[in-house]
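S.K.: based on what follows, work out the 3D shape:
(one chain, ligands or ions: 1)
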Amino acid sequence: MIDEKLPTRNENFSEWYNQVILRAEMADYAPVRGCMVVRPYGWSLWENIQQALDRRFKATGHVNAAFPLFIPMSFMEKEKAHVEGFSPELAVVTIGGGQKLEEPLVVRPTSETVIGYMYSKWIKSYRDLPVLINQWGNVVRWELRTRLFLRTLEFYWQEGHTAHATAEEAQAETLQMMNTYADFAINDAAVPVIPGRKSQAEKFAGAQNSYTIEAMMGDTRALQAGTSHNLGQNFARAFEIQYLDAQNTQQYCWTTSWGLSTRFIGAIIMTHGDDQGLVMPPKLAPIQVVIVPIFRTDAEKELVMPVVERVKRELGDFRTRVDDRTEVTPGFKFNDWELRGVPLRIEIGPKDVEKGSVAIARRDIPGKPGKSFIPQEGLASQVAATLSEIQANLLEKARKFRDDHIFDPNDFDEFTEVIQRGWAFSWWCGDGACEAQIKEKTKATTRCIPLDQPGGSGRCIHCGQPAAEKAYFAKAY
Ligand SMILES: [Zn+2]
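M.R.: Residues are numbered from 1 along each chain as shown. Model (predicted):
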């Protein structure tokens with residue numbers, strides 16, 4: 001299978017996606033259906049995502065902790081909408097240590113309930129607020145139709161859980177984290193997401209309001225890439241998360257939760273990838289620069305390798321790999337690193353040694369146009385500048401692709417047509433029944449209602465009722 005050509009994105013986007021992941025050794029299928037193994041190259045990307053987010057969480061006052069994998073079944077049942085939303089997806093443990101358990105344990109699908117329980121013990125007074133805790137971990141949701149990274153039974157993520165004294169603070173936190181995700185996606189992953197509010201039908205089970213960052217994939221379908229929920233007092237009431245205010249009166253807290261998962265890796269693959277394979281954004285790339293030495297004879301090797309070693313040392317600030325495999329040709333190596341999406345390749349051969357130069361090839365500009373020769377002198381600053389250019393170019397390309405595929409249809413016929421090849425940005429009445437009909441007729445869902453509205457008002461694209469807001473509609477992953 002590996003010798004066969006990678007399907008192009010136009011031929012079969014879904015098969016292209018699977019093959020790229022398997023061939024680039026990002027992930028593999030696990031023995032349990034719907035589970036995945038994240039291989040070292042994929043995990044290394046996830047670690048870089050973690051660092052980029054964790055830095056932002058800490059900068060906004062959050063701390064990390066770890067809560068248990070098992071949750072008493074009764075906890076899930078305390079918040080009505082929450083249990084209704086999650087019960088079809090729950091994995092439940094009924095036997096432990098060979099004994100039937102008195103109470104079944106749920107393998108966490110998300111941790112609002114157990115964290116709510118703990119917060120009710122920890123929070124006594126307004127002086128204890130706000131509580132701003134994040135955890136990095138894994139969760140299980142028994143999905144029936146699974147895809148590597150996009151939807152798997154078990155996945156990795158972070159979940160932030162905060163408790164506040166006022167509704168205003170909780171809302172500010174919810175928006176702050178949506179904006180934090182957007183900042184990460186745009187500036188580190190070069191994924192030009194659109195932040196906004198979810199419709200009531202699409203919100204998180206148990207939330208008052210959910211906010212999202214929505215990304216357009218290379219086949220124009222939408223991907224929900226991170227979410228932030230204002231839980232109001234729903235979980236505070238269910239778990240009695242209360243505090244004494246300054247007047248000595250008992251009050252319920254206002255809580256939020258927010259999460260971004262390994263699904264984001266799917267977003268990176270489907271935003272930037274091309275027919276040669278992955279294209280990693282330099283800021284997150286597991287390997288930013290690969291150096292390929294080129295020699296035919298031992299004499300040439302002796303000439304080339306010391307320069308390769310010196311260049312690698314000089315590029316110490318970058319994530320650099322030297323591909324010194326001898327059993328494969330340079331041409332094979334070029335294809336291999338292109339498949340894995342390494343942003344920049346440096347080739348060093350005997351002629352380069354002689355001239356004091358190296359050849360560099362940019363992954364974002366395939367073939368000759370992306371190749372140039374530069375002096376070894378001052379290479380590190382040249383590499384830094386080129387990586388920045390690649391980062392900016394990827395964002396620009398993705399933004400152009402997105403904007404070229406967002407339409408403003410004049411009527412519902414046109415809406416139905418454009419939804420086959422992109423997103424619609426349309427006036428919408430906000431009614432759930434109208435939304436359900438749109439979904440039934442076109443398979444498109446409301447992706448988000450951006451906070452940034454054009455102003456004015458219009459008529460709903462579907463039912464013609466007065467509409468105060470415009471929403472993005474698309475088929476989604
Ligand atoms: Zn309507």
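S.K.: show me the contacts for residue 155.
M.R.: 138-139, 141, 149, 261-263 (CB atoms under 8 Å, 6 or more residues apart in numbering). For every residue, glycine as well, the C-beta is placed using N, CA and C.
S.K.: what's the PyMOL syntax to select whichever of those are buried?
M.R.: This is how PyMOL selects the buried members of the contacts of residue 155, with burial counted by 16 or more other CB atoms under 10 Å:
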select buried, resi 139+141+149+261+262+263
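S.K.: low-confidence stretches in the stretch 1-150 of the chain?
M.R.: Where the stretch 1-150 of the chain drops to pLDDT under 70, the residues are 1-3.
S.K.: can you tell me which residue of it sits closest to the ion?
M.R.: residue 81 (23.6 Å; CB to the ion).
S.K.: any idea how far the nearest residue to residue 251 once chain neighbours are set aside is from the ion?
M.R.: Excluding the flanking residues, the one nearest residue 251 by CB to CB, 6 or more residues apart in numbering is residue 245, at 5.1 Å. Using CB to the ion, to the nearest Å, one gets 42 Å for the distance from residue 245 to the ion.
S.K.: what's the answer for residue 209, then?
M.R.: 20 Å.
S.K.: what bridges to that residue?
M.R.: Here residue 209 shows beta-bridge partners residue 230, assigned using DSSP bridges.
S.K.: just checking, it touches residue 174?
M.R.: Yes. The pair residue 209 / residue 174 is scored as a contact, 7.3 Å apart, by CB atoms under 8 Å.
S.K.: please identify the helix or strand for the most centrally placed residue in the chain.
M.R.: Residue closest to the mean C-alpha point of the chain, counted by CA atoms, centre = their mean, is residue 264 at 1.8 Å. Assigned by DSSP states H and E, residue 264 falls within helix 263-272.
S.K.: adjacent strands (with direction) for the helix or strand following that helix?
M.R.: Remark: after helix 263-272, the chain's next helix or strand is strand 289-293, criterion DSSP H and E. Sheet partners assigned to strand 289-293 using DSSP bridges are listed as strand 320-322 (parallel), strand 344-348 (parallel).
S.K.: how far is the shortest one from where the chain is centred?
M.R.: Its chain's C-alpha centre lies 26 Å from the corresponding centre of strand 320-322 when counted by CA atoms, centre = their mean, to the nearest Å.
S.K.: same check on the last one?
M.R.: Relative to the mean C-alpha coordinate of its chain, strand 344-348 is positioned 29 Å out (CA atoms, centre = their mean).
S.K.: now residue 70. Nearest residue, chain neighbours left out?
M.R.: Excluding the flanking residues, the one nearest residue 70 by CB to CB, 6+ apart is residue 105, at 4.2 Å.
S.K.: helix or strand: which one has that neighbour?
M.R.: Assigned by DSSP H and E, residue 105 belongs to strand 99-107.
S.K.: buried ones in that strand, by neighbour count?
M.R.: Going by 16+ other CB under 10 Å, strand 99-107 has these buried residues: 104-107.
S.K.: circling back: so who does the residue nearest to the centre of the chain touch?
M.R.: 49, 185, 189, 225-226.
S.K.: could you redo the last one with a cut-off of 10 Å?
M.R.: Going by CB atoms under 10 Å, 6 or more residues apart in numbering, residue 264 touches 45-46, 49, 53, 149, 157, 181, 184-185, 189, 191, 213, 215, 223, 225-226, 284.
S.K.: restricted to helices, list the residues you listed.
M.R.: 45-46, 49, 53, 181, 184-185 (DSSP state H).
S.K.: pull out the buried members of those residues.
M.R.: 45-46, 49, 53, 181, 184-185.
S.K.: and the residue nearest to the centre of the chain, how far from residue 158?
M.R.: Distance from residue 264 to residue 158, counting by CB to CB, to the nearest Å: 11 Å.
S.K.: what does residue 476 give?
M.R.: Counting by CB to CB, the gap between residue 476 and residue 158 amounts to 22 Å.
S.K.: the more surrounded of those two?
M.R.: Between residue 476 and residue 158, counted using other CB atoms under 10 Å, residue 158 has the larger neighbour count: 20 against 17.
S.K.: that one reaches residue 137, doesn't it?
M.R.: Yes. Judged on CB atoms under 10 Å, residue 158 makes contact with residue 137 at a distance of 7.7 Å.
S.K.: what is the burial count for the nearest residue to residue 199 once chain neighbours are set aside?
M.R.: Take residue 199 and drop its neighbours on the chain: the residue closest to it by CB to CB, 6+ apart is residue 446, 4.4 Å away. Using other CB under 10 Å, residue 446 has 23 neighbouring residues.
S.K.: pretty sure residue 446 sits in a helix.
M.R.: No. Looking at residue 446 with DSSP: H, G, I helix; E, B strand; the rest coil, it is strand, so not inside a helix.
S.K.: pretty sure it sits against residue 224.
M.R.: No. Taking CB under 10 Å as the definition, residue 446 is not a contact partner of residue 224, at 11.3 Å.
S.K.: hey, what's in contact with both of these two?
M.R.: Residues touching both residue 446 and residue 224 by CB under 10 Å, 6+ apart: 198, 202, 476.
S.K.: dump the residue contacts of the last one.
M.R.: Read that as residue 476. So residue 476 contacts 202, 214, 217, 221-224, 423, 443-447 (CB under 10 Å, 6+ apart).
S.K.: one step back: who does the helix or strand harbouring the residue of the stretch 1-150 of the chain closest to the ion touch, helix- and strand-wise?
M.R.: Under the criterion of DSSP H and E, residue 81 resides in helix 80-86. Secondary-structure packing of helix 80-86 (3 or more CB pairs under 10 Å, 6 or more residues apart in numbering; DSSP states H and E): helix 73-76, helix 112-122, helix 234-239.
S.K.: give me the next element, helix or strand, following the second one.
M.R.: Counting by DSSP H and E, the element after helix 112-122 in chain order, helix or strand, is strand 131-140.
S.K.: check which residues of that next one are buried.
M.R.: Quick answer for strand 131-140 (16+ other CB under 10 Å): 131-135, 139-140.
S.K.: residue 366: how many residues sit nearby?
M.R.: As a burial measure, residue 366 scores 15 neighbours (other CB under 10 Å).
S.K.: return the residues of the stretch 1-150 of the chain in contact with the ion.
M.R.: Residues of the stretch 1-150 of the chain found near the ion (CB under 5 Å from the ion): none.
S.K.: tell me the secondary structure for the residue of the chain most remote from its centre?
M.R.: Note on the chain: the largest C-alpha distance from the chain mean falls to residue 299, namely 47.5 Å (CA atoms, centre = their mean). Per three-state DSSP, the local secondary structure of residue 299 is helix.
S.K.: quick check, it in contact with residue 350.
M.R.: Yes. The pair residue 299 / residue 350 is scored as a contact, 8.7 Å apart, by CB under 10 Å.
S.K.: kind regards, and thank you for your time.
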